[in-house]
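[1] here's my sequence, what's the structure:
(chains A, B and C)
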Amino acid sequence: MRVELREQVTTIIAQIPCGRVTTYGCIAKMTDGATARSVGAVLRTLPQGHTLPWQRVVSAGGRLADHEGARRQRELLAAEGVLFDRRGRIPARFFWP
DNA sequence: CACCTGACGTGGC
DNA sequence: AGCCACGCCAGGT
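    Presented below is the predicted three-dimensional model:
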């Protein structure tokens, strides 16, 4: 993918406050031409040792995307105060712009 | 170049 | 609610 795109995406994710989340689609709209799928591609190919709060990126409707780290993601979010409703979804009040 | 495979979103049923 | 096409696009084979 284009380098500027990776930079835009990583920059945005780095700005998500602790205890808040945002979606792939939302990030995509903030960048210049990215799609939700390409945002996912960026997260998938992050280098080892990065410090990005990747756990704060969720799917539309506050659901967690189905991937290997989903279990871990849920723990990290819960640890920073993000709650899940009984259907496993994150309420809108935790969304960052 | 032609496929295939995803950390997606939306709309229809 | 759950399932399923479809559109989308970056990377790998």
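[2] name the residues of chain A found near DNA strand B, please.
    Selection of chain A residues close to DNA strand B by CB under 7 Å from any atom of the strand yields A:23-25, A:35-41, A:43-44, A:46, A:54, A:57, A:59-60, A:65-69, A:73. To be clear about C-beta, it is placed using only N, CA and C from the backbone, and glycine gets the same treatment.
[3] could you find the closest non-adjacent residue to A:Arg72?
    The spatially closest residue to A:Arg72, leaving aside those adjacent along the chain, is A:Gln55, at 7.6 Å (CB to CB, 6 or more residues apart in numbering).
[4] so which of the residues of chain A next to DNA strand B reach DNA strand C?
    Judged by CB under 7 Å from any atom of the strand, the overlap between these and the neighbourhood of DNA strand C comprises A:Thr35, A:Ala36, A:Arg37, A:Ser38, A:Ala41.
[5] could you check whether stretch A:10-20 is close to DNA strand C?
    No. Taking CB under 7 Å from any atom of the strand as the criterion, stretch A:10-20 and DNA strand C are apart, separated by no less than 12.1 Å.
[6] list the buried residues for that stretch?
    Going by neighbour count (16 or more other CB atoms under 10 Å), the buried part of stretch A:10-20 is A:Ile12, A:Ile13, A:Ile16, A:Arg20.
[7] quick check: mean pLDDT across that stretch?
    Throughout stretch A:10-20, pLDDT has a mean value of 97.
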